[in-house]
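From the sequence below, what's the structure:
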Amino acid sequence: MSYQYMYQESIMKPEHFWKKQAERLAWFQEPKTILGLDQYNYPQWFKDGKLNVSYLCIDKHIEDGFGHQNAIIYDSPVTQTKQHISFNKLHEEVSKLAGGLQSLGLEKGDTCVIYMPMIPQALYAMLACARLGVIHSVVFGGFAPHELAIRIDDCKPKAIITASNGIEIERIIPYKPFVDEAINLAEFKPKRVIVYDRKLGVEIPHQDRDVDYGELVSKSEAVAPVEVESNHPLYILYTSGTTGKPKGIIRDSGGYATALKFSMKHVYGVEEGDVYWAASDVGWVVGHSYIVYGPLLNRNTTVLFEGKPIKTPDASTFWRVISEHNVKVMFTAPTAIRAIKKEDPNGEFINKSDISCLKYQFLAGERCDVATLRWTEQHLKIPVIDHWWQTESGWPMLTNMVGVELMAVKPGSASLPVCGYDIQILNEEGKEVAAGVEGYVAAKLPLPPGTLLNLWGNPQRFKSGYLDKFPGYYFSGDGGYKDEDGYVFITGRVDDIINVAGHRLSTAEMEEIVASHHAVAECAVFGVHCDLKGQKPLGLIVLKTGDEQDENQISKEIIQDVRHEIGAVAAFRDVLVVKRLPKTRSGKILRKLLRNISDDLEYNVPSTIEDVTIISEIESVYKKNQIGIHKNIINHE
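Residues are numbered from 1 along each chain as shown. Here you go, the predicted structure:
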């Protein structure tokens, strides 16, 4: 079947198309209502079906005779540890942990925060929650206590599952102390904190609410999976919001399982039993969809990697993992490839490993620049597939569906819409624009299964943020255009969310922290181009009168404040002092103009600017600090 035939069927006959895909799952109660609508005319898939995702990821494969197949290969160069975990072993660990959680009073509909490093116990925790119908919310382990506290207050977990520590290349990350500090900061106080001791000699502060993970599992009985409705939330995953308050994306169970199963074969081109590796983190949507649920639903062996693309021990790590574990398809961020390219520009390490098992290399998480794509193609000598999706979508929206038909690769484009996504480029009035014209990237409703169900505790924000701008469409928040062949080119965010090495972060939140410094009169934080990370945040500050004398110290303090509140993941390292910020006459700071100057883009100075002479001041500060190249063309409107 060709891509065009399959895609058209999914758009013209969505209920028929997705009913066929849903039949590939083992439902406890098969759905009769394939597509319904909620009060916002937003799609609800398979709402009368019943299933359990943990059962589909584990028990079903054992029942089919594959209990001895590897479910997980854990590879940790930072601890020099490797572990092969069969579906039988996975079942034992998950079902007993679920029994332990049940003994602590967790039940269907409760929430549980998971704050874990990249270790098997993180996956056990996710699957154990799913087994009970407990809604998990995994928080990326790089986030500081303040960020964790915000999420605790929003989803109000009955318990938190954490570990003694995480490990970076040269440092220990104190997970348990971070959790204790977050609970102190939060208004809501979880009843239990379950702590997995990694036995690495790290001191673990103890509180009365703490439960030892190992003891809990050892004394607990295995429990069977709980039957849940298709629309029962599997998890909440927080993504940065433009207001600085993270948005809790709710993912359903039945639609998500259907979409992920479909995507493993048709998007990524893997069959049951193949080894699949997504080099991401369980704290991000890629980790949820393609380290845990997607591969295990499809009976693939998933690689769980605790390390970095470089310095663990060097730029050969990725190729060693691929060769050693017989990886068929890999998925990583362009940032990782750029880091490898910087350390090994001629690809010498690649040639030292036998990676003939690798059939496709997928890239996502940020826009893939042409140079990175070409370098990867040149050295891997296989199709390199850039694709685009979001935390909200849960699975790819644009890609080259290699499991259906390998289409031409166009550098700079994430290729064509995935089955089920009617992607259109709209103008301000909501009308579709011509080929080559940039506009807003939107998807006509209904969205396919597996996309966001709602926002946790905030349906009005869900409606206003995604559905109101263009009635009848899901608004992605990204800009882009289509070429004459229908290939979509994503040009970037149209709000103040930036993408740092595949991590979506809110500049509004960073700006709030910068503004709170005692010496700052006003400020702007925005994303600028970074060769390594795609984007990085840049802060411009105007100092209060009397605080100008120690600019370096003030900048250092602000950088430390952001690092403490958000975490090192923000990559906030650049604060420049300016005399004033460009504003409109109504007082709005012109952040887009500041960004365009820094990124060496052609720009117009809006006629609404308060004082045009400020532009030369900003350019001189950028030049002094080597921000951008400054060959901009200025047109005064």
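
Quick check: which ranges of the stretch 101-250 of the chain have low pLDDT?
Per-residue confidence for the stretch 101-250 of the chain (pLDDT under 70) gives these ranges: 241-244.

Check the chain too.
Applying pLDDT under 70 to the predicted model, the residue ranges of the chain that meet it are 241-244, 496, 547-549, 584-587, 600-604, 606-608, 628-637.

which helix is the longest one in it?
For the chain, the longest helix by residue count, based on DSSP state H, is helix 87-103.

what's the spacing between the helix or strand just after it and its chain's center?
Sequence-wise, the next helix or strand beyond helix 87-103 is strand 111-115, with elements assigned using DSSP states H and E. In terms of C-alpha atoms, centre = their mean, to the nearest Å, the centre of strand 111-115 is set 17 Å apart from its chain centre.

Next, Val321: phi, psi?
phi -60, psi -50 (degrees, to the nearest 10).

quick one on the thing from earlier: just the buried positions in the longest helix of the chain, please.
87-102 (16 or more other C-beta atoms under 10 Å). The C-beta positions use only the backbone N, C-alpha and C, and glycine is treated the same way.

Out of those, flag the one nearest to Ile340.
Within those, distances to Ile340 taken as C-beta to C-beta reach their minimum at Leu90, with 30.8 Å.

what number of residues lie near the residue nearest to the closest one when sequence neighbours are not counted?
For Leu90, the nearest residue in space outside its immediate sequence neighbours is Ala71; the separation is 4.6 Å by C-beta to C-beta, 6 or more residues apart in numbering. Residues lying near Ala71 (other C-beta atoms under 10 Å) number 28.

helices and strands around the longest helix of the chain, which ones?
Counting contacts by 3 or more C-beta pairs under 8 Å, 6 or more residues apart in numbering; DSSP states H and E, the secondary-structure elements packed against helix 87-103 are helix 60-63, strand 70-76, helix 120-132, helix 213-218.

now the angle from it to strand 111-115?
Regarding helix 87-103 and strand 111-115, their directions subtend 120 degrees when assessed with axes from the mean of the first three to the mean of the last three C-alpha atoms, to 10 degrees.

okay, helix 87-103 in PDB with CA atoms only?
Coordinates of each C-alpha in helix 87-103 appear next as PDB, following Å, rounded to 0.1, in the frame of the first residue of the first chain:
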ATOM      1  CA  PHE A  87       9.400  -9.800  29.700                       C
ATOM      2  CA  ASN A  88       9.100 -12.400  32.500                       C
ATOM      3  CA  LYS A  89      11.500 -10.400  34.700                       C
ATOM      4  CA  LEU A  90       9.700  -7.200  33.800                       C
ATOM      5  CA  HIS A  91       6.400  -8.700  34.800                       C
ATOM      6  CA  GLU A  92       7.800  -9.800  38.200                       C
ATOM      7  CA  GLU A  93       9.200  -6.300  38.900                       C
ATOM      8  CA  VAL A  94       6.200  -4.300  37.700                       C
ATOM      9  CA  SER A  95       3.400  -6.500  39.200                       C
ATOM     10  CA  LYS A  96       5.100  -6.600  42.600                       C
ATOM     11  CA  LEU A  97       5.800  -2.900  42.700                       C
ATOM     12  CA  ALA A  98       2.100  -2.400  41.700                       C
ATOM     13  CA  GLY A  99       1.200  -4.600  44.700                       C
ATOM     14  CA  GLY A 100       3.400  -2.400  46.900                       C
ATOM     15  CA  LEU A 101       1.700   0.800  45.700                       C
ATOM     16  CA  GLN A 102      -1.700  -0.800  46.200                       C
ATOM     17  CA  SER A 103      -0.700  -1.600  49.800                       C
END
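
who touches Tyr238 in this structure?
The contact partners of Tyr238, taken as C-beta atoms under 8 Å, 6 or more residues apart in numbering, are Ser137, Val139, Arg151, Asp154, Pro246, Lys247, Gly248, Ile249.

Return the subset of those residues lying in helices.
Filtering the contacts of Tyr238 for helices - DSSP H - leaves Arg151, Asp154.

Which of the contacts of Tyr238 sits closest to Gly201?
Distance to Gly201 across the contacts of Tyr238 (C-beta to C-beta) is lowest for Val139, with 24.9 Å.

excluding its backbone neighbours, what's nearest that closest one?
Skipping the residues right next to it in sequence, Val139 comes nearest to Tyr115 by C-beta to C-beta, 6+ apart, at 4.9 Å.

How much space separates the one you found from Gly480?
Distance of Tyr115 to Gly480, given as C-beta to C-beta, to the nearest Å: 34 Å.

between these two, which one's more packed in?
Under the criterion of other C-beta under 10 Å, the comparison of Tyr115 against Gly480 puts Tyr115 first, with 28 against 22.

Hmm, Glu147 and the more buried one touching each other?
No: using C-beta atoms under 8 Å, Tyr115 is not in contact with Glu147, being 10.4 Å away.

Identify the contacts common to these two.
Joint contacts of Tyr115 and Glu147 (C-beta under 8 Å, 6+ apart) are Val139.

hey, where'd the strands end up in the stretch 401-550 of the chain?
In the stretch 401-550 of the chain, strands defined by DSSP state E, counting those that start in this stretch lie at 416-417, 422-426, 439-444, 452-455, 473-482, 488-493, 497-500, 503-506, 520-530, 534-543, listed in chain order.

Which one, of these, ends up nearest to Gly255?
strand 452-455 (8.0 Å).

Which secondary structure elements does that closest one sit against?
When contacts are defined as 3+ C-beta pairs under 8 Å, 6+ apart, strand 452-455 sits against strand 247-251, helix 459-462.

JSON lines for the ones you listed, including distance to Ile615 and mean neighbour count?
Converted to JSON lines, the helices and strands packed on strand 452-455 look like this (distance: least, C-beta to C-beta, whole Å; neighbours: other C-beta atoms under 10 Å):
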{"stretch": "strand 247-251", "distance to Ile615": "35", "mean neighbour count": "24"}
{"stretch": "helix 459-462", "distance to Ile615": "36", "mean neighbour count": "16"}
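
Redo the ones you listed as a markdown table? Include distance to Thr81.
Listed next are the helices and strands packed on strand 452-455 as a markdown table, based on distance: least, C-beta to C-beta, whole Å:
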| stretch | distance to Thr81 |
| --- | --- |
| strand 247-251 | 30 |
| helix 459-462 | 41 |
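
To Glu306, which of those lies closest?
Using C-beta to C-beta as the criterion, the shortest distance between Glu306 and the helices and strands packed on strand 452-455 is 24.4 Å, found for strand 247-251.
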